[in-house]
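**Q** Sequence first, predicted model second:
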Amino acid sequence: MTSTAQPPPSSGAREAHPEHLGHVVFITAAAAMGGFLFGYDSSVINGAVEAIRDRYDIGSGTLAQVIAIALIGCAIGAATAGRIADRIGRIRCMQIAATLFTVSAVGSAVPFALWDLALWRCVGGFAIGMASVIGPAYIAEVSPPAYRGRLASFQQAAIVIGIAVSQLVNYGILQLADGEQRGEIGGLEAWQWMLGVMVVPAVLYGLLSFAIPESPRFLISVGRTDRARAVLAEVEGKTVDLDARIEEIDLAMRREHKSTFKDLLGGRLGFLPIVWIGIGLSVFQQLVGINVAFYYSATLWQSVGVDPAGSFFYSFTTSIINIVGTVIAMVLVDRIGRRPLALIGSAGMAIALAFEAWAFSADLVDGRLPETQGVVALIAAHVFVLFFALSWGVVVWVFLGEMFPNRIRAAALGVAASAQWIANWAITASFPSLADWNLSGTYIIYTVFAVLSIPFVLRYVRETKGKALEEMG
């Protein structure tokens with residue numbers, strides 16, 4: 001039986017080139033401030049780990065839970081952000097996240113007790129979870145298809161810059177405190193300043209959210225067609241047939257009702273296959289152990305004999321490598337595609353992690369790794385971060401913003417991001433205990449996951465390069 005459904009009108013969106021690309025870049029960068037806070041808040045705790053352990057006199061297990069509890073908030077925030085964004089809009093969702101980031105920064109800087117610190121970390125985590133969902137979704141919805149891969153990369157670029165800035169701020173505060181994480185500055189300990197400084201970018205994020213337009217897809221969904229037309233003219237250019245473009249988007253949205261969790265269900269395994277693929281991408285991104293480098297790197301290097309100042313320095317250089325890799329990904333993601341980058345990254349990470357596992361298998365001599373293994377460990381750690389940054393760090397967020405059909409995009413992205421935070425929590429909470437058991441064995445586990453990601457991508461992941469969002473089926 002032949003379908004009589006009419007194809008959507010041709011709007012020329014795939015070839016759209018906005019007259020003022022700089023304005024589109026500004027909109028994207030403002031939205032990506034949520035990613036900056038995501039990276040900053042996730043990584044800033046690295047500088048406070050040992051101070052928190054000392055101040056509250058807690059063991060590795062309890063310490064890991066305090067560090068990782070923010071990730072529970074992340075999972076909840078990610079799971080609910082899609083529905084919130086569909087109901088009140090992407091911009092309002094950003095403003096809620098900015099408020100929560102601000103409150104978390106103040107509360108974390110002046111906690112009354114350990115439970116209090118954990119609570120504020122969880123609040124900040126909820127904000128991170130929201131930002132991890134709303135950033136990629138919003139950027140994908142306001143980006144012209146021809147530029148979407150590079151603009152979507154802004155989210156990951158902002159994350160890695162946030163990580164690097166947090167390490168630089170931590171290092172600067174440590175110097176002001178004469179190298180003591182518990183050294184006093186202006187009535188507060190150094191680690192409290194590290195956590196509290198986040199209030200500055202949090203307020204900036206909130207202010208920027210008032211300067212950018214709402215997503216045209218959300219505007220169309222609530223009947224504000226005239227405003228959607230104006231936004232599309234801003235971000236896709238006046239050469240696009242705007243009436244046809246609105247009809248194109250509206251047809252896709254009317255054909256498929258608003259996303260809910262129920263829409264994600266289907267098949268023998270519970271979720272639709274495309275949702276499982278999104279979950280798989282999210283989980284593999286975390287199970288290679290990347291966040292060990294950002295949550296525990298200072299502690300890790302100190303455990304193998306590097307002095308505290310050196311450990312903070314290596315944490316910062318790792319963050320710089322992270323930025324370099326992200327820039328490489330932003331250049332390549334629309335040129336060679338998402339899948340090739342993911343495969344290159346998986347192979348590079350697997351090799352680097354294997355070298356780290358070998359280096360950490362050596363017995364410590366006077367509390368330090370032997371010279372050869374120490375050099376290999378440092379180089380391999382930086383190579384691992386480089387390959388992650390130029391591949392999975394970027395392409396997973398690009399994939400999640402692009403791969404789902406319109407009818408389930410927000411809900412599916414929320415589930416995938418929530419799965420990512422749960423995997424992140426599992427790695428973060430387990431690392432101290434695994435490291436006490438066998439540090440080399442821990443890195444072998446991460447190596448195995450990097451290797452397994454290769455057949456996963458080859459078999460299940462489709463290329464999304466150059467396709468309009470309405471083409472995702």
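**A** Received the coordinates, thanks.

**Q** the helices in the stretch 1-150 of the chain, which residues?
**A** Per DSSP state H, counting those that start in this stretch, the stretch 1-150 of the chain carries helices over the ranges 21-31, 33-44, 49-56, 60-88, 90-109, 114-142, 148-176.

**Q** what's the closest of these to residue 245?
**A** Closest to residue 245 of the helices of the stretch 1-150 of the chain, according to CB to CB: helix 114-142, at 12.6 Å. Where C-beta positions appear, they are placed from N, C-alpha and C, glycine not excepted.

**Q** That closest one - what's its average pLDDT?
**A** The pLDDT scores in helix 114-142 average 89.

**Q** Report the buried residues of that helix.
**A** Neighbour-count burial for helix 114-142 flags 114, 117-142 (criterion: 16 or more other CB atoms under 10 Å).

**Q** can you put the helices of the stretch 1-150 of the chain in CSV and add distance to residue 440?
**A** CSV is the format used below for these (distance: least, CB to CB, whole Å):
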stretch, distance to residue 440
helix 21-31, 41
helix 33-44, 25
helix 49-56, 22
helix 60-88, 18
helix 90-109, 34
helix 114-142, 30
helix 148-176, 26
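
**Q** Grab the nearest non-local neighbour of residue 23.
**A** Closest residue to residue 23 apart from its sequence neighbours, by CB to CB, 6 or more residues apart in numbering: residue 234 at 6.4 Å.

**Q** repeat for residue 376
**A** Nearest residue to residue 376, sequence neighbours excluded (CB to CB, 6+ apart): residue 359, at 4.4 Å.

**Q** For stretch 203-217, the averaged confidence score.
**A** So the average pLDDT for stretch 203-217 ends up being 92.

**Q** start to end distance for that stretch?
**A** End-to-end span of stretch 203-217 (CA to CA, to the nearest Å): 27 Å.

**Q** what residue ranges in this structure score low on pLDDT?
**A** Low-confidence segments of the chain (pLDDT under 70): 1-20, 255-263, 267-268, 299, 302-309, 466-473.

**Q** I'd like to know which elements the helix ranked longest in it is packed against.
**A** As assigned by DSSP state H, the longest helix anywhere in the chain is helix 409-460. Contacts defined by 3 or more CB pairs under 8 Å, 6 or more residues apart in numbering; DSSP states H and E place helix 409-460 against helix 60-88, helix 114-142, helix 273-287, helix 292-295, helix 297-303, helix 338-360, helix 392-402.

**Q** now that helix against helix 114-142, angle please.
**A** Following axes from the mean of the first three to the mean of the last three CA atoms, to 10 degrees, one obtains 80 degrees for the angle between helix 409-460 and helix 114-142.

**Q** Return the distance of helix 409-460 from the chain's centre.
**A** Distance of helix 409-460 from the chain centroid (CA atoms, centre = their mean, to the nearest Å) equals 14 Å.

**Q** Residue 177 contacts residue 192, correct?
**A** No - applying CB atoms under 8 Å, one finds residue 177 not in contact with residue 192, separated by 10.5 Å.

**Q** Compare the two and say which is more crowded by neighbours.
**A** Between residue 177 and residue 192, residue 192 has the larger neighbour count (other CB atoms under 10 Å), namely 23 against 20.

**Q** What residues does that one make contact with?
**A** Residue 192 sits next to 109, 110 when contact means CB atoms under 8 Å, 6 or more residues apart in numbering.

**Q** distance of it from residue 164?
**A** Distance, residue 192 to residue 164, by CB to CB, to the nearest Å: 21 Å.

**Q** before we move on, the earlier item: hey, which of the helices of the stretch 1-150 of the chain is tucked in deepest?
**A** Comparing these by mean neighbour count (mean count of other CB atoms under 10 Å), helix 33-44 ranks first with a mean of 28.

**Q** could you give the angle of it to helix 114-142?
**A** For helix 33-44 against helix 114-142, the angle by the same axes, to 10 degrees is 150 degrees.
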